[in-house]
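Trainee: predicted model and sequence follow; I will ask about them next.
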Amino acid sequence: MPLDQFTLLLMAGLQSLIDYVAQHTVTCLVPAFFIAGAMNYFISKDVVIRYLGYSARRLTSFPLATVSSIGLAVCSCTVIPIASGLYRRGSSIGPAFIFLWTAPALNILTITYSGAILGVEITLVRILAAISTSFIIGLVMVTVFRRDEQERSEKERSKPNVAATKAEVLHSKNSLILILMLVATLLLPNYLGAGRTFVEKLLIFLPLFVASMAFAYLRFSKDEILQWFQETWWFVKKILPLLLVGVFIVGVVGAIIPPEFVQQVLGGNGLPQTFLANLIGALMYFSSMTESPFVKMMMGLGMGKAPALALLLTGPGMSLPSMLAIIRVFTFRKAIVYILTTVVVSTISAFIFGNLLL
């Protein structure tokens, strides 16, 4: 490879990395990691196990995981620490991976923006296809790893369940308030700062973050705060390095593939085009809401509706950086089953819904 071409690819990867760190690390990943740490330390395992655990009814846990993710305007990378925190706290693998999939693809901000950019029809089909896909993903994960989940469930249920004292009830209320404040710190810069500069988002983020830290300092002991920070650091060191590696690789790949090639091979509504669009969506990184204008541009260049729907399904919910992080957090076996299931099921969903309803 010539030196100038190598330099070009290196600069593309570094630029992708710089853009990601500048736009997403402070206002997205920082609160997400603190939320994950708080969930893992402060939330009662009994509550998580009761509603989202292996023994919970699928008709309850699957819709609950879907609905609870609607308010989180997060990308495929930001959602990982939150979903893994839920899983570590006792959630079954099905609801945890449903949350992992639906939070980026079906949050209210993404859907609202999608409707404004792409129209009501394709947005409604997107919602229907995403919910169907997420339920199948959850069912496959629970079925494939049934034995692992049974052993994990029995281990959690064997731990003693002690009745809460008044002090513990107050502690749990403070924990809930802290988590809600952190969620607001994650969401408001993205909701109120949509379309604004990074500095403007930062001005929204900083007072919320400082208020959250001040509340924690006033309501919890130093030892509890230290434990919370240790849990948060576990997620940071587990997830962040591979996210950054993945973002760099995406930048390099984006510089290699010419746009003309993508435009030529995604025309029509056939299964091959839909599958290819799905792969592109699964590998590329889209920050929250950016998939809609990208799909609109591609449709204007001749991309079919089924491939467009495939991009809308996998684009926000999966990326190469998130794949690497999922492998690290959930183990290689679980990640591979999830990735393959997602690509296959979302391809079929996009092909069927795209041809029948669009």
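Mentor: Sure thing, it's come through.

Trainee: pull the CA atoms of stretch 300-315 into CSV?
Mentor: What follows is stretch 300-315 as a C-alpha-only set of coordinates in CSV (Å, rounded to 0.1, in the frame of the first residue of the first chain):
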residue,chain,number,x,y,z
GLY,A,300,-33.3,9.9,-3.2
LEU,A,301,-30.4,8.2,-5.0
GLY,A,302,-32.6,5.2,-5.8
MET,A,303,-32.4,2.8,-2.8
GLY,A,304,-35.4,0.5,-2.5
LYS,A,305,-37.9,0.7,0.4
ALA,A,306,-37.0,-2.7,1.8
PRO,A,307,-33.2,-1.9,2.0
ALA,A,308,-34.2,1.5,3.5
LEU,A,309,-36.2,-0.3,6.2
ALA,A,310,-33.3,-2.7,6.8
LEU,A,311,-30.9,0.3,7.4
LEU,A,312,-33.5,1.9,9.8
LEU,A,313,-33.6,-1.4,11.8
THR,A,314,-29.9,-2.2,12.1
GLY,A,315,-28.4,1.3,11.7
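
Trainee: which parts of that stretch are buried?
Mentor: 303-315 (16 or more other Cβ atoms under 10 Å). Every residue, glycine included, has its C-beta placed from N, CA and C.

Trainee: ok, these vs Phe351, which is closest?
Mentor: Ala306 (5.3 Å; Cβ to Cβ).

Trainee: for the protein, give me the ranges with low pLDDT.
Mentor: 1, 45, 71-73, 109, 156-171, 194, 259, 261-263, 287-289 (pLDDT under 70).

Trainee: can you give me the neighbour number for Ile339?
Mentor: Residues within reach of Ile339, counting by other Cβ atoms under 10 Å, total 16.

Trainee: element containing the residue nearest to it when sequence neighbours are not counted, please.
Mentor: Leaving aside its sequence neighbours, Ile339 sits nearest to Met323 (Cβ to Cβ, 6 or more residues apart in numbering; 5.9 Å). Assigned by DSSP states H and E, Met323 falls within helix 320-330.

Trainee: and the lengthiest helix in the chain, how far from the chain's centre?
Mentor: Across the chain, the helix with the greatest residue count (assigned by DSSP state H) is helix 222-256. Distance of helix 222-256 from its chain centroid, counting by Cα atoms, centre = their mean, to the nearest Å, is 13 Å.
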